[in-house]
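Engineer: Have a look at this fold, sequence not included:
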């Protein structure tokens, strides 16, 4: 039997909106984009031939990143429509040129689908037009009106529908084409389209693990589960260092770790010359082998003239988090004869903790002099060294 997998990933996922603003199917769980995990479940199944993903037209770059490990297995993505049923139909139409015998239609937001479930759906298509994985409803269900319970719903014949929902290809394509003409009716899943069209759909056993990730809390729990039970990628601890130095120029204050400190001079530099944040930015970039601060923010670029170095540090942190990294600890050592760092140590720790979204206990600030030696000892500038410890896939 030739079987294609059609993954619907064109939604916006507003209820699971991330701080990055990306749709939920591209948010990372356990260090990898959710969609990458969903694709992997079908790509490694021996009965799946073709594999196609329906995406939102605005998500091509995100899709390219999430699908990169499976480029050889995937057909080019298809732009989706305004509704889920439109996206599913457009995906089916894309497969119609060389139609498979059967197709499994799956939600991108169910990354934990397992091989036995996929096999059960495929096997049911030997004798049915369609197959719907379900789990019985076990909770007591209530009707309510105006905030008051009005009755209890019998649950004996109630089931929770999941995906992938499998169908004989020609039958579900015909059903979707007919449903597209029903302008006043919306179908929430493909089994609903099949039922309306009169197809024979069998129930098959679902899986409790095959949960749909809908909210931001769902994403957080999935991420924690993958990181704690070993199901996610192996993780390692990486440590990198950064170093920077800036000379003094005319002025009345220096900026260190984002904190303005009164002084007889200021540090000279293309940006705000925050030598501590520059060193720390290089440490974070070093952890993920992404060059140094000059690669990302060249001094020749006028955009960064006088720019706050907080922008540089947050950029490095965002790159690290996109790789699934977690900052464990950062340490900054300032080397100068003046100004005195001690009175500003805690505000500096708090400033970096805010920028990196860390607990202040994960931030260390130290200071020392150069014992009167060299350019630092002569009071001509300040040097900074930084170390970042990060947990990475």
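Structural biologist: Received it, and whenever you're ready, just let me know what you need. None of these values were measured; they are calculated from a predicted model.

Engineer: for the least confident helix or strand in the chain by mean pLDDT, packing partners?
Structural biologist: Every helix and strand in the chain was compared by mean pLDDT, DSSP states H and E; the lowest is helix 216-229, with a mean of 79. Counting contacts by 3 or more CB pairs under 8 Å, 6 or more residues apart in numbering; DSSP states H and E, helix 216-229 packs against strand 28-29. Where C-beta positions appear, they are placed from N, C-alpha and C, glycine not excepted.

Engineer: Can you name the next helix or strand after the strand it packs on?
Structural biologist: strand 32-33 (DSSP states H and E).

Engineer: Quick check: neighbours of that next one in the sheet, parallel or antiparallel?
Structural biologist: Counting by DSSP bridges, the strands paired with strand 32-33 are strand 28-29 (antiparallel).

Engineer: now the strand it pairs with: how far from the chain's centre is it?
Structural biologist: 5 Å (CA atoms, centre = their mean, to the nearest Å).

Engineer: Compute the mean per-residue pLDDT across that strand, please.
Structural biologist: What strand 28-29 shows for mean pLDDT is 88.

Engineer: what comes up buried for stretch 217-227?
Structural biologist: 218, 219, 222, 223, 226, 227 (16 or more other CB atoms under 10 Å).

Engineer: Put together JSON lines for those residues, with distance to residue 184 on each row.
Structural biologist: Shown next, in JSON lines, are these (distance: CB to CB, whole Å):
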{"residue": "218", "distance to residue 184": "32"}
{"residue": "219", "distance to residue 184": "34"}
{"residue": "222", "distance to residue 184": "37"}
{"residue": "223", "distance to residue 184": "40"}
{"residue": "226", "distance to residue 184": "42"}
{"residue": "227", "distance to residue 184": "46"}
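
Engineer: would you list every one of the helices in the protein?
Structural biologist: 34-43, 60-67, 84-95, 115-124, 169-179, 190-197, 216-229, 275-287, 293-296, 310-322, 345-356, 374-377 (DSSP state H).

Engineer: just these: most buried one?
Structural biologist: Using mean count of other CB atoms under 10 Å, the stretch among those with the largest mean neighbour count is helix 275-287, at a mean of 27.

Engineer: in the stretch 101-250 of the chain, what spans have low per-residue confidence?
Structural biologist: Judged by pLDDT under 70, the stretch 101-250 of the chain has its weakly predicted residues at 227-234.

Engineer: returning to what we had before: so how far is the least confident helix or strand of the chain from its chain's centroid?
Structural biologist: Relative to the chain's own centre, helix 216-229 is displaced by 12 Å; criterion: CA atoms, centre = their mean.

Engineer: Identify each buried residue in the longest strand belonging to the chain, please.
Structural biologist: Determined from DSSP state E, the single longest strand within the chain is strand 236-250. Using 16+ other CB under 10 Å as the test for burial, strand 236-250 gives 238, 240, 242, 244, 245, 246, 248.

Engineer: Go through these and say which is closest to residue 50.
Structural biologist: Nearest to residue 50 among these is residue 238, at 38.5 Å by CB to CB.

Engineer: Tell me how many other residues crowd the nearest residue to residue 114 once chain neighbours are set aside.
Structural biologist: Leaving aside its sequence neighbours, residue 114 sits nearest to residue 207 (CB to CB, 6 or more residues apart in numbering; 6.0 Å). Residue 207 has 17 neighbouring residues, counting by other CB atoms under 10 Å.

Engineer: shouldn't residue 207 be in contact with residue 162?
Structural biologist: Yes. Assessed by CB atoms under 8 Å, residue 207 is found in contact with residue 162 at 7.3 Å.

Engineer: Overlap of the contact sets of the two?
Structural biologist: 117, 133, 135 (CB atoms under 8 Å, 6 or more residues apart in numbering).

Engineer: Would you check how far apart the last one and residue 192 are?
Structural biologist: Spatial separation of residue 135 from residue 192 under the definition CB to CB, to the nearest Å is 17 Å.

Engineer: How about the first one?
Structural biologist: Using CB to CB, one obtains 20 Å as the distance from residue 117 to residue 192.

Engineer: and if you look at the second one?
Structural biologist: Separation of residue 133 from residue 192 (CB to CB) stands at 15 Å.

Engineer: what's the answer for residue 297, then?
Structural biologist: Distance from residue 297 to residue 192, by CB to CB: 52 Å.

Engineer: picking up where we left off before, quick check, nearest of the buried residues of strand 236-250 to residue 176?
Structural biologist: The closest of the buried residues of strand 236-250, once distances to residue 176 are taken by CB to CB, is residue 238, at 48.2 Å.

Engineer: That closest one is in contact with residue 392, isn't it?
Structural biologist: Yes. Counting by CB under 8 Å, residue 238 does reach residue 392; the two are 5.5 Å apart.

Engineer: joint contacts of these two?
Structural biologist: Residues touching both residue 238 and residue 392 (CB under 8 Å, 6+ apart) are residue 287.
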